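*Asks:* Structure of the sequence below:
(one chain, ligands or ions: 2)
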Amino acid sequence: MRKLACVIGGGVIGGGWVARFALMGWEVRVFDPDPRAAERIGAVVKGAERALPMLFESPMPKPGGVSYHATLAEAVQGASYIQESVPEDLDLKVKVFQEVQCHCSCDAVIASSTSGFRPSQLREGLERPGQLVVAHPFNPVYLLPLVELVQGANADPYFTDKAEEILTGIGMYPLRIRSEIDAHIADRLLEAVWREALWLVKDGLATTQEIDDSIRYGFGLRWAQMGLFETYRIAGGEAGMAHFLEKFGPALKWPWSRLTEVPDLDADLVKTIADQSDAQSGNRGIRDLERLRDDNLVAILRALKGQGAAAGKLLKEQDDRLRRPLGDGVPLVTVRRKVPVDWTDSNGHMNEGRYGQVFSDASEALMAHVGADQAYIAAGNSYFTAETNIRYRAETLAGEDIVVETRVALGAGKKLRLLHEMKGANGDLRATCDQFLLHVSLQTRRSCPPLPDVRQRIEALASLHDRAR
Ligand SMILES: NC(=O)C1=CN([C@@H]2O[C@H](COP(=O)(O)OP(=O)(O)OC[C@H]3O[C@@H](n4cnc5c(N)ncnc54)[C@H](O)[C@@H]3O)[C@@H](O)[C@H]2O)C=CC1
Ligand SMILES: C[N+](C)(C)CC(=O)CC(=O)[O-]
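*Replies:* Residues are numbered from 1 along each chain as shown. Ligands and ions are numbered 1, 2, ... in the order given. A predicted model of the protein is given here:
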C-alpha cells in the first residue's frame, strides 16, 4: 500500500495529524482554503520534529513530504487514508465527505476527527456510508497516542480494520468504541470535569490556577498511568472495588456535583476565566506553552516507557516496529536518534552518564548485528564490558540528532575492542569511546571464546574496518 495520507482542514488538529503521518514516513497532502494554513501547519510540524522522535530509541523513518493543494479533489487523489479535521459543524463536515467521495479511491479510509458527532450523523447522504469512520484524536496529535475509533451501525468493518492497522502503524492507540454515542468515551469524561470546573470558577469557589493545581499535583498523575477504575480499586484496600463502592457510594447521592446543570458562558464568566487564565499563564506565548507541554509529555511518556506501563508499553512496541538492521557501511552506524529532554542535567546539556548509555546502546546494536542478540544471550553467552574510556569533545543539547559510528578495532577470540564516535547532525564530533569487552559464559560467569558464527562475523568486521582505516 502506498503510504499517502490526505488531511482536510489544517488547524490545531489537522496540523497535528500532518506532523504525525509525515514523521512516521507518510507522504501527506493537505487541503485547507485558508491561505495561512501552510504557515500554521509548519509551526506545528516544527514542534513535532523536536518532540516526537524523543520518544523513541530506534531511528525514525525518513519523513514523508507535505504538499498543499488548491482543491479538495486534487488533495484526495491516490490517498489510502483521508483524515478530515474541519471545524465541528455537522453540515460542513457532511458536505466535505460528499465531495471527498466524488474524488477519492473507493478503497480509501475516510476518517473524521469529530469530538462529538456520531458516525451515523456524518454518513447522512453519503453514497458509500460504510467507508467513513470516526477517528477522534487528542491534542497534541503527534504525541498523545489515543485515538477513539468509532464504527457505528451500517459500517463496513473492512474500513475500521484498515484504519486500526494504519493508526497503529503511526504509533497510535486506536481504542475501538463499541457503540456510537455523542462525544464517544473520553470527551464525555473530559466534558464532565470541564463543566464542574466552570461552575467552580463561576461560583467564585476556585481560580483557574487552583483547579489546574488540584489536577496536576494529584489525580492527573494517577490517571496517566492507571486511569480511574484501577486507581479506585486500590483505594478500596484489600477488599478491593466492591468495598470502595460500599465506602464511597453514598456520597454519589450527596450534592457533590453540579453536573446536571450547565453554566451560561455569559460575558462576565468569560471575562473572569480569561482574566484568571491571563494572570496564570499570560507571561508565556502559545509556542512557549506548547514546548513546555510537549517536553513534559515526553518526559512523562518516557518514564512510563521505562516501566513498560500504560502508554509507555505502546512506545516500546513502536520502537520494535521502527528498528531496522544496521546495514553494512564502514564504519557501522550503530545509533541514530534524538537526544530526549530527560537526558539533560542542570547544566542544560546531555548528562555525562547518558554518553555511557549511548555507547552501551551502540555496543548492544553491534552485538545484535554479529549475532550476539537476545536469543544468543538467552542461550547463555554474552559480552561483558571490561573497560570504557569516554572523551567528551563538545556538548549536546536536548532535541539534537546524534549518530554513533562504530569500528571493530580488535576481534580476536574472547577479546573485542570497539571504537565509537558520537557525532551531531552535521558530522561534528561530540564524544569518542574506546571500549574493551570480553566474551563470557553466563553459566560460569567467566570469559570464554564466542560461538563460531559470532566469532567469524566479528573477525570479518575487524579485518574490514582495519582495511578501511
Ligand atoms: N482542538 C482540539 O482540542 C480538538 C479538536 N478536535 C476536532 O477536530 C476538528 C478540527 O478542530 P480544530 O483543529 O481545533 O479546528 P481549527 O479551527 O483549529 O481548524 C479547522 C481548520 O479547518 C479549515 N477549514 C474550514 N473549512 C474547511 C473546508 N471546507 N475544507 C478544508 N478545510 C477547512 C480552517 O481553515 C482551519 O484551518 C473538529 O471537529 C474538532 O472537534 C478533536 C480533538 C481535539
Ligand atoms: C475540547 N475538545 C472537545 C475539542 C477536546 C477534544 O476533542 C479532545 C482533546 O484533545 O482534549
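*Asks:* could you say which helix or strand contains residue 17?
*Replies:* helix 12-23 (DSSP states H and E).
*Asks:* swap in residue 361?
*Replies:* Per DSSP H and E: residue 361 is located in helix 352-369.
*Asks:* Report the buried residues of the helix or strand following that helix.
*Replies:* Next in sequence after helix 352-369, counting helices and strands by DSSP H and E, comes helix 374-378. Neighbour counts using 16 or more other Cβ atoms under 10 Å place residue 376 of helix 374-378 among the buried residues. Yep, even glycine has a C-beta here, placed from its N, CA and C like the rest.
*Asks:* go on, stretch 312-332?
*Replies:* 312, 314, 315, 318, 322, 326, 331, 332.
*Asks:* likewise stretch 53-72?
*Replies:* So stretch 53-72, judged by 16+ other Cβ under 10 Å, has buried residues 53-60, 63-64, 66, 69, 72.
*Asks:* In helices, which of those residues fall?
*Replies:* Among the buried residues of stretch 53-72, the members found in helices (DSSP state H) are residue 72.
*Asks:* out of the buried residues of stretch 53-72, which one sits closest to residue 339?
*Replies:* Nearest to residue 339 among the buried residues of stretch 53-72, counting by Cβ to Cβ, is residue 54 at 7.5 Å.
*Asks:* Contacts only, for the closest one.
*Replies:* Counting by Cβ atoms under 8 Å, 6 or more residues apart in numbering, residue 54 touches 298, 302, 338, 339, 340, 341, 398, 399.
*Asks:* Can you say which two of those residues are spatially most distant?
*Replies:* Farthest-apart pair in the contacts of residue 54 is 302 and 399; separation 13.6 Å (Cβ to Cβ).
*Asks:* If you count neighbours, what's buried in the strand or helix carrying residue 96?
*Replies:* Element membership for residue 96 (DSSP H and E) is helix 90-103. Neighbour-count burial for helix 90-103, counted by 16+ other Cβ under 10 Å, picks out 93, 94, 96, 97, 99, 100, 101.
*Asks:* quick one: average pLDDT of stretch 237-246?
*Replies:* The pLDDT scores in stretch 237-246 average 90.
*Asks:* same check, this time on stretch 377-395
*Replies:* The average pLDDT within stretch 377-395 is 97.
*Asks:* Residue 72 versus the closest residue to ligand 1 within the chain, what's the distance?
*Replies:* Proximity of the chain to ligand 1 (Cβ to the nearest ligand atom) peaks at residue 11, 1.8 Å away. Plainly put, residue 11 is 16 Å away from residue 72 if you go by Cβ to Cβ, to the nearest Å.
*Asks:* Repeat that for residue 218.
*Replies:* 46 Å.
*Asks:* contacting residues for residue 350?
*Replies:* Counting by Cβ under 8 Å, 6+ apart, residue 350 touches 339, 343, 344, 395, 396, 397, 398.
*Asks:* contacting residues around the closest residue to residue 323 other than its chain neighbours?
*Replies:* Nearest residue to residue 323, sequence neighbours excluded (Cβ to Cβ, 6 or more residues apart in numbering): residue 58, at 4.5 Å. By Cβ under 8 Å, 6+ apart, the contact list for residue 58 reads 319, 320, 322, 323, 324, 337.
*Asks:* Contact partners for the residue in the stretch 351-469 of the chain positioned nearest to ligand 2?
*Replies:* Going by Cβ to the nearest ligand atom, ligand 2 is nearest to residue 399 of the stretch 351-469 of the chain, at 23.7 Å. Residue 399 makes contacts with 50, 54, 338, 339, 341, as judged by Cβ under 8 Å, 6+ apart.
*Asks:* Now do the same for it: helix, strand or coil?
*Replies:* Following DSSP: H, G, I helix; E, B strand; the rest coil, the label given to residue 399 is coil.
*Asks:* Now do it against residue 424, distance only.
*Replies:* For residue 399, the distance to residue 424 - Cβ to Cβ - is 12 Å.
*Asks:* now swap in residue 405 and tell me
*Replies:* According to Cβ to Cβ, residue 405 stands 12 Å off from residue 424.
*Asks:* So which of those two has more stuff around it?
*Replies:* residue 405 (19 against 16; other Cβ atoms under 10 Å).
*Asks:* Wait, a strand at the more buried one?
*Replies:* Yes. Counting by three-state DSSP, residue 405 is part of a strand.
*Asks:* Now for residue 41, which secondary structure element holds it?
*Replies:* Residue 41 belongs to helix 37-51 when assigned by DSSP H and E.
*Asks:* need the contact list for the residue lying closest to residue 99 once chain neighbours are set aside.
*Replies:* Nearest residue to residue 99, sequence neighbours excluded (Cβ to Cβ, 6+ apart): residue 72, at 5.5 Å. Counting by Cβ under 8 Å, 6+ apart, residue 72 makes contact with 8, 31, 96, 99, 100, 103.
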